[in-house]
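# with the input below, show me the fold.
(one chain, ligands or ions: 2)
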Amino acid sequence: MGSNLARNLASREGNTVAIFNRSYEKTQTLLDEHPEAGFVPARTYQEFANSLQKPRTAIIMVKAGGPTDAVIDSLVEVFEPGDIIVDGGNAYFPDTIRREKAVRETGINFVGAGISGGEEGALTGPSIMPGGSDESWITLGPILKSIAAIAEGEPCVTHVGHDGAGHFVKMVHNGIEYADMQLIAEAYDLIRRGTGKSPAEIAEIFAEWNKGELESYLIEITAEVLRQVDASTGQPLVDVILDQAGAKGTGAWTVQTALSLGVPVSGIAEATFARSLSSHPEQRAVSRDLPGPEEEFSVEDTEAFIEDVRLALYASKIVAYSQGFDEIRAGAAEYGWNIDLGAISKIWRGGCIIRAQFLNRIADAYAETPDLPVLLTAPYFTEAITRAQAPWRRVVIAAAEAGIPAPAFSSSLSYYDGIRADRLPAALVQGQRDFFGAHTYKRVDKPGTFHTLWSGDRTEIEAEDTH
Ligand SMILES: NC(=O)C1=CN([C@@H]2O[C@H](COP(=O)(O)OP(=O)(O)OC[C@H]3O[C@@H](n4cnc5c(N)ncnc54)[C@H](OP(=O)(O)O)[C@@H]3O)[C@@H](O)[C@H]2O)C=CC1
Ligand SMILES: O=C(CO)[C@H](O)[C@H](O)COP(=O)(O)O
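Residues are numbered from 1 along each chain as shown. Ligands and ions are numbered 1, 2, ... in the order given. Coordinates of the predicted model:
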């Protein structure tokens, strides 16, 4: 990522870029492979600092955690007040809040900036989510705008908010990425097992879907992956890849943070757990002979089933994004960030992994109603979900009857039914809590907080609210 980002910066008019890597041979390789970039190499942090114009700006692209702290500490030693250190890695936002505070005390500015787009995006134009101070943004804004992707004529970068806001938003971006990928994978699995189509044939279906409302980078690359044939076996590559999905942590952080904030990001959680489940081969091996449905899964009307899956995918995807934006809103409230949700949807329209046509619709929804409480309720999304109602339910039923795991599809539908429910069985949960722990409850018909004397005469008394 770092080398491609440096090449992107160097390719912009008037820029000279200094580069440093702890292993100098990697710096040398980059110099040899890209003389056109005109990089100024450095062997030490001091040499790196000396080669920069003041006020200096450095972008760190290293592994999150200890490595990031190590690089920041080294830069702080050689930088001066007024300089800017940008962490472009996938840092955990509480770390960014801590680092921003600590570095600020030295007079140096620290900016945590989420960067998405993979290796290719880093080179040609990523989506960038910087946090940090307003002062840093004045210097950094023009630099980041010059290297960001352009969508609808606008650079895919905005000053998200102070301190850790940028990394918070990047974290949720990745959580949505997990959900989107899992939903696509479930769609593929259902079509393959329901219709017997080959990966290459399903690739064509995804390519076709990519021409419509599902148009997105992830659908596009899914078609590419499914088309790929393994050179050594002649099999579809997807059939020779071990079915154990990895994860570097951003999905889990999104879910952990959502749990702390009390935001139901069930689609993202199921996608994260689906990766975990896949990565327990020993448990999967001993469970393989557990019973499943008696009947073979087969679809009668192939075309109709594929269209049902498409609509279910779209509706579930809307749920995942709606949940992700809820988490951003809740995070902004908790940490005092003034995050413009419409601006976030705009900077995700290009450059990043979740770039998709329908982010324009999200931008429209927030432009119309900036404080929209539930994205799903925007007219465009309500219409899409209305169209998907019967197909979405048919797909979830088919998956359950066939014994095909579709956790993201089904949890999205359950979330939808939960959020639209007139009344939820949460009332019974409150009753249970009050029974065993005197946790109290509220009533629908009068204000106040109440407790039933369950182990006494079962009369109701007024009580202090204990939540
Ligand atoms: N790959 C992707 O698609 C994306 C990655 N990111 C984030 O960008 C960051 C970099 O990722 P990526 O380029 O893929 O990772 P790489 O593994 O390719 O590069 C990691 C870099 O970190 C350096 N490094 C590791 N440990 C230390 C240390 N202790 N001190 C100093 N430098 C260290 C490595 O140096 P050396 O070469 O000497 O080992 C290398 O330059 C990560 O935070 C990642 O999460 C963000 C968006 C997309
Ligand atoms: O940030 C990214 C894209 O936006 C990285 O590609 C990230 O590594 C993806 O997460 P994971 O490795 O957990 O799938």
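
# next, the residue in the stretch 151-300 of the chain that ligand 1 sits nearest to: secondary structure please.
Proximity of the stretch 151-300 of the chain to ligand 1 (CB to the nearest ligand atom) peaks at residue 248, 6.0 Å away. All C-beta spots, glycine's among them, are computed from the backbone N, C-alpha and C. For residue 248, the assignment made with DSSP: H, G, I helix; E, B strand; the rest coil gives coil.

# which residues does it contact?
Contact analysis of residue 248 by CB atoms under 8 Å, 6 or more residues apart in numbering lists 64, 90.

# how near is residue 78 to residue 55?
To residue 55, residue 78 is 14 Å away according to CB to CB, to the nearest Å.

# same deal with residue 178?
Going from residue 178 to residue 55 by CB to CB gives 38 Å.

# same thing with residue 326?
Relative to residue 55, and taking CB to CB, residue 326 is found at 38 Å.

# what about residue 86, which SS state?
strand.

# I figured it hits residue 115, correct?
No - counting by CB atoms under 8 Å, residue 86 does not reach residue 115; the two are 9.4 Å apart.

# any part of the helix or strand harbouring residue 185 near ligand 2?
Under DSSP states H and E, the secondary-structure element containing residue 185 is helix 165-195. Yes - judged by CB under 6 Å from any ligand atom, helix 165-195 and ligand 2 are in contact via 174, 177.

# for the helix or strand that that helix is followed by, which positions count as buried?
Downstream of helix 165-195, the next assigned helix or strand under DSSP H and E is helix 199-209. Buried residues in helix 199-209, counted by 16 or more other CB atoms under 10 Å: 199, 202-203, 205-207, 209.

# got the angle for helix 199-209 vs helix 165-195?
120 degrees (axes from the mean of the first three to the mean of the last three CA atoms, to 10 degrees).

# separation between the nearest residue to residue 106 once chain neighbours are set aside and ligand 1?
Excluding its sequence neighbours, the residue lying closest to residue 106 (CB to CB, 6 or more residues apart in numbering) is residue 76, at 5.7 Å. When distance is defined by CB to the nearest ligand atom, to the nearest Å, residue 76 is 14 Å away from ligand 1.

# just to revisit the earlier point, closest one to residue 48 out of the buried residues of helix 199-209, please.
When the buried residues of helix 199-209 are ranked by distance to residue 48 (CB to CB), residue 206 comes first, at 44.4 Å.

# quick one: name the residues of the stretch 151-300 of the chain near ligand 2.
So the stretch 151-300 of the chain meets ligand 2 at 174, 177, 247-248, 250-251 (CB under 6 Å from any ligand atom).

# drop anything exposed from those.
For these, a burial check counting by 16+ other CB under 10 Å picks out 174, 177, 250-251.

# could I get the pLDDT score of the closest residue to ligand 1 within the stretch 101-250 of the chain?
For the stretch 101-250 of the chain, the residue closest to ligand 1 is residue 118, as judged by CB to the nearest ligand atom, at 3.9 Å. With respect to pLDDT, residue 118 scores 94.

# and residue 14, by the same measure?
pLDDT, residue 14: 87.

# list the buried residues of stretch 287-303.
Buried positions in stretch 287-303, judged by neighbour count with 16+ other CB under 10 Å: 297, 299.

# could you export stretch 45-60 as CSV, CA atoms only?
C-alpha atoms of stretch 45-60 as CSV (Å, rounded to 0.1, in the frame of the first residue of the first chain):
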residue,chain,number,x,y,z
TYR,A,45,14.4,8.7,10.1
GLN,A,46,16.7,11.6,10.5
GLU,A,47,17.6,11.6,6.9
PHE,A,48,13.9,11.3,6.0
ALA,A,49,13.1,14.3,8.2
ASN,A,50,15.9,16.4,6.7
SER,A,51,14.7,15.7,3.2
LEU,A,52,11.2,17.2,3.8
GLN,A,53,10.2,20.8,3.4
LYS,A,54,8.8,22.4,6.5
PRO,A,55,6.2,22.1,7.8
ARG,A,56,6.8,18.4,7.1
THR,A,57,4.1,15.9,6.2
ALA,A,58,4.7,12.2,6.5
ILE,A,59,2.2,9.4,5.7
ILE,A,60,2.8,6.1,7.6
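
# and it, average pLDDT?
On average, the pLDDT along stretch 45-60 is 96.

# which residues make contact with that stretch from outside it?
Contacts of stretch 45-60 (CB under 8 Å, 6+ apart): 2, 5, 9, 18, 20, 40, 42, 68, 71-72, 74-75, 77-80, 82-89, 113, 139-140, 143.

# what's the answer for stretch 319-334, then?
Under the contact criterion CB under 8 Å, 6+ apart, stretch 319-334 has outside partners 161, 165, 168-169, 172-173, 175-176, 179-180, 183, 254, 257-258, 261-268, 271, 337-339, 341, 344-345, 358, 362, 374-376, 381, 408, 412-413, 415-416.

# okay then, goodbye and thanks.
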